[in-house]
Every structure is written in structure tokens, then in C-alpha cells.
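Peer 1: Only the shape, not the letters, is given here:
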């Protein structure tokens, strides 16, 4: 399972609320093309995708995307102490916000409006390397069945914590820029 964060403008938020089924267009996850029938295949006609002009959204640009990949699950655990949904805002990677549109992976994409994004930025500001280091216990991570292999070797463990802390600081900057612009966030686990 992977996780991506997408920064969206207030205008995109409003349009998305009007057309929630088009959320896949916005995050660049378009539905697969319709299947061709037997006769279409026999006569060389392919199924047609809707023309680009029929799309409601252009995909979010790379600069407004933060790819957490598989690190999202260990970060969720370190923030919340659980592998499941958790209270807001510590559980922001897995819960909270408003589900929007169809299930495009492991549940619908969740919308964090600007107020939610601000709450996450404040939460991330309160995090520290010391908190993360204390929460990073290999036996607890393994017992929680987190999609992450935590090392028992002290030097490897320290490197893992430092890399995760670097990611947390980057996520914080992403949320801070989002808040400063008055934007929202989409959280997609797929």
C-alpha cells in the first residue's frame, strides 16, 4: 500500500464537492478504458475513452504532490501508536477529513479542507526527533504488523529514525505551504 498527499486550491475543493466521482482525474488515477466487445475486437474497433475535453479536472502537478510511498504506515504508527484509525489529528494519514468520490484503492480519497490542513500543520510542528526516537521500538512495530521492517541494530535503527524524521520535516513544510496558500489536501491510500 502506498500513500500520496495532494495540495488542492479552494476552487478545486468546491469543484470536487460538486463532482466527487471525478477525484481520480484530479489525482491522475483515471479509470481503465472500457473493455472492447468481441465484435469490436473482431472488426478492429477499440473501446473509446472519453475525450480530454470531457474531463472535469486536469491532474495535479508534481510540485503539489507529496509521495509517502510505503513510509506512510510507519509514520502513522509513530504519530498515533496504532496500525488502525486513530484520533484526529495524530491519525491524519489514515483517518479524518471527508471521504470523497469512489474507492480508488484502500477506501475513498479523503479531503482535508484548509482548516484540517492547518490542524495537521500544528500537529506536525509539535513533533520532535526525540518523540519519534522514543516511539520507534522494533518489537512494537513488528507486533503492530506495520508495513515496515524496523532494525534491531542500533546504528541501522538510528539511520531509519533520522530518515523518517527528515520525511516528517518535509511533510511539515508541505502542509505549511498548503496552509499559507489557503489550500486543502487530498490523502490517497492505494
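Peer 2: Noted; the coordinates are in hand. If you're wondering where the values come from, they're calculated on a predicted model, not measured in any experiment.
Peer 1: Pretty sure residue 66 sits in a helix.
Peer 2: No: using DSSP: H, G, I helix; E, B strand; the rest coil, the assignment for residue 66 is strand, not a helix.
Peer 1: can you give me the mean pLDDT across stretch 166-181?
Peer 2: Per-residue pLDDT values over stretch 166-181 give a mean of 98.
Peer 1: Beyond the helix or strand hosting residue 156, next helix or strand please.
Peer 2: Taking DSSP states H and E as the criterion, residue 156 maps to helix 154-180. Sequence-wise, the next helix or strand downstream of helix 154-180 (DSSP H and E) is strand 184-189.
Peer 1: Show me what that next one is packed up against.
Peer 2: strand 3-8, helix 10-18, helix 23-27, strand 108-112, helix 114-125, helix 154-180 (3 or more CB pairs under 8 Å, 6 or more residues apart in numbering; DSSP states H and E). Any C-beta I mention is one placed from the backbone N, CA and C, and that applies to glycine too.
Peer 1: Can you list the strands that the fourth one pairs with?
Peer 2: When you say that, I think you mean strand 108-112. strand 98-103 (antiparallel), strand 184-189 (antiparallel) (DSSP bridges).
Peer 1: quick check: mean pLDDT across the last one?
Peer 2: The one in question is strand 184-189. Regarding strand 184-189, the rounded mean pLDDT is 96.
Peer 1: How far away from the center of its chain is that strand?
Peer 2: 5 Å (CA atoms, centre = their mean, to the nearest Å).
Peer 1: May I see the buried residues of it?
Peer 2: 184, 185, 186, 187, 188, 189 (16 or more other CB atoms under 10 Å).
Peer 1: Same list (the residues you listed) but as TSV, adding distance to residue 146.
Peer 2: Formatted as TSV, the buried residues of strand 184-189 follow (distance: CB to CB, whole Å):
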residue	distance to residue 146
184	28
185	23
186	23
187	18
188	19
189	14
